[in-house]
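1. Sequence plus the predicted model coming up.
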Amino acid sequence: MPAQHADATRWGWSVLRAESLSIFGRRWNMNCLPRSITLGLLLTMVGVPCAVRIGVRLDGVARLESHAWVEAFGRPIAERASLAHLTPMHTVFDAAAC
């Protein structure tokens, strides 16, 4: 499983890199949901069981923050920051359950 997680992580960073190099990434700064769905579908196509999750948190001034991410083998893929402050609320799709 560690080798498979490493492969999933490489795919994740590849999606982030492609986004940063694309005209669309520069002009519209693709947000986390389309990026996570793209990565989730890509991982599913190469046979990596994964799930796309959406989580939220309420900060100290009653502002809602949300984020979407991909998990494979129970761990987030290619996330720059910790997700510990988020409460998972919804799973967009879960290829691991199929």
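-> Perfect, I can see it now.

2. Tell me the predicted confidence for Met1.
-> Confidence at Met1, expressed as pLDDT, is 54.

3. How about the one 3 residues further on?
-> What the model reports as pLDDT for Gln4 is 75.

4. other SSEs contacting the strand or helix carrying it?
-> Using DSSP states H and E, the element containing Gln4 is helix 2-21. The contact analysis (3 or more C-beta pairs under 8 Å, 6 or more residues apart in numbering; DSSP states H and E) places helix 2-21 against helix 23-28, helix 32-45, strand 64-72. Placement of C-beta: from N, CA and C, glycine included.

5. what bits of this structure have low per-residue confidence?
-> 1-3, 5, 19-30, 59-60, 96-98 (pLDDT under 70).

6. cutoff 50 now
-> 28 (pLDDT under 50).

7. ok, Ser36 - contacts?
-> 52-53, 68-70, 92 (C-beta atoms under 8 Å, 6 or more residues apart in numbering).
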